[in-house]
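> make a model of this:
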Amino acid sequence: MKKNDFLFIIGVIILFLPFFMSEKVYDFYISFNHDHSLITSFIKFAILATLGEVIGLRIKIGKYYKSGFGIIPRMIVWGFLGITIKIAFVIFASGTPVFLESLGLTNAIEVMNAGFSMEKLLIAFSISATMNVIYAPVMMTFHKLTDMHIIETGGTLRGFFTPIKFKKLFVDLDWNIQWNFVFKKTIPFFWIPAHTITFLLPTDFQVLFAAVLGIALGTILAIADIMGDSKLKIEKA
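This next block holds a predicted model:
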């Protein structure tokens, strides 16, 4: 372990420690999150999901930062996506049980508000599956396009706020990796099971847990980038 790794771990511990050491900090989080869920969703994803991308960069190049990486633009993107994720959680967590009741699974809404049961696990899985099949691919593609935009504009705030060339980025996006790895592998084998657990948690902790999963997302994105880079080298050889 390098010195930078040690300092990074210490920094992460310091970030989370107040929530475990201080009851006042924890109670403030619960209260603020309940009253201002969209704001806290922005903050949580801006910090934690970007943290995941920083870890992904460490995996990819051995460093936590490089010129043009654009930490602030990435935080803005993840904050915005955090808001959409919160909205998606509310929509699918509310709508899926209603849909299941229309199929004959009575009391699905009441089951989700009760304690753990196998029926609740099935409903949580259904919520996760519908959300990840319908919403996740759009979110992941948008994130990839903005990621490409950040890189192309040098990671600067000024460049970030220039018009995004969606047509060009759609053409340049590596759809082989996006489809065969990001969609076909990570959604069914990681995100659906992970978000099944998420929807079994109390509402106030669901988005926080999802944001923590953003650290895993950073690792996944790093692996996808490495796969893309390896493919490019093979094609050029």
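> so what's the residue positioned nearest the centre of the chain closest to, chain neighbours aside?
For the chain, Gly214 is the residue whose C-alpha lies nearest the centre (CA atoms, centre = their mean; 4.0 Å). Taking CB to CB, 6 or more residues apart in numbering, and ignoring the residues beside it in sequence, Gly214 has Ala49 as its nearest neighbour in space, at 3.1 Å. (C-beta placed from N, C-alpha, C; glycine too.)
> contacting residues for the one you found?
Contacts for Ala49 (CB atoms under 8 Å, 6 or more residues apart in numbering) come out as Trp78, Leu81, Gly82, Ala211, Gly214, Ile215, Leu217, Gly218.
> who's in contact with the fifth one?
It stands for Gly214. By CB under 8 Å, 6+ apart, the residues touching Gly214 are Phe45, Leu48, Ala49, Thr50, Leu51, Gly52, Trp78.
> that older thread, roughly how far apart are the residue nearest to the centre of the chain and Asn176?
Between Gly214 and Asn176 the distance, using CB to CB, to the nearest Å, works out to 24 Å.
> can you give me the neighbour number for the closest residue to Thr84 other than its chain neighbours?
The shortest distance from Thr84 to any residue other than its chain neighbours is 6.5 Å, reached at Met139 (CB to CB, 6+ apart). By the measure other CB atoms under 10 Å, the count of residues near Met139 is 15.
> same check on Phe181?
Phe181 is surrounded by 16 other residues when neighbours are defined as other CB under 10 Å.
> Thr141 now?
17.
> residue contacts, it?
Leu173, Gln178.
> so for the helix or strand it falls within, what's the average pLDDT?
Counting by DSSP states H and E, the element that carries Thr141 is helix 136-152. For helix 136-152, the per-residue pLDDT values average out at 94.
> pull out the buried positions in the following helix or strand past that helix.
For helix 136-152, the succeeding helix or strand toward the C-terminus, using DSSP H and E, is helix 157-160. By neighbour count on 16 or more other CB atoms under 10 Å, the buried set for helix 157-160 is Gly159, Phe160.
> do stretch 31-48 as well
Within stretch 31-48, the residues that count as buried by 16+ other CB under 10 Å are Asn33, Ser37, Thr40, Ser41, Phe42, Ile43, Lys44, Phe45, Ala46, Ile47, Leu48.
> per-residue confidence at the second one?
It refers to Ser37. Reading off the per-residue confidence, Ser37 sits at a pLDDT of 87.
> list the contacts of His195.
His195 makes contact with Ile127, Ser128, Met131, Asn132, Ala210, Leu213, according to CB under 8 Å, 6+ apart.
> same thing but 6 Å
Residues near His195 by CB atoms under 6 Å, 6 or more residues apart in numbering: Ser128.
> now for the strand or helix carrying Thr84, which elements pack on it?
Thr84 belongs to helix 71-102 when assigned by DSSP H and E. Helix 71-102 sits against helix 37-61, helix 108-112, helix 118-134, with contacts defined as 3 or more CB pairs under 6 Å, 6 or more residues apart in numbering; DSSP states H and E.
> mean confidence score for that helix?
Averaged across helix 71-102, the pLDDT comes to 94.
> report the angle between that helix and helix 37-61.
What separates the directions of helix 71-102 and helix 37-61 is an angle of 120 degrees, with axes from the mean of the first three to the mean of the last three CA atoms, to 10 degrees.
> all further residue positions should be reported with the first residue as 219.
With 219 as the first residue, the last one maps to helix 289-320.
> and helix 289-320 with helix 354-370, angle?
Helix 289-320 and helix 354-370 are oriented at 170 degrees to each other (the same axes, to 10 degrees).
> just the buried positions in helix 289-320, please.
Within helix 289-320, the residues that qualify as buried are 289, 291-304, 306-307, 310-311, 314-315, 318, counting by 16+ other CB under 10 Å.
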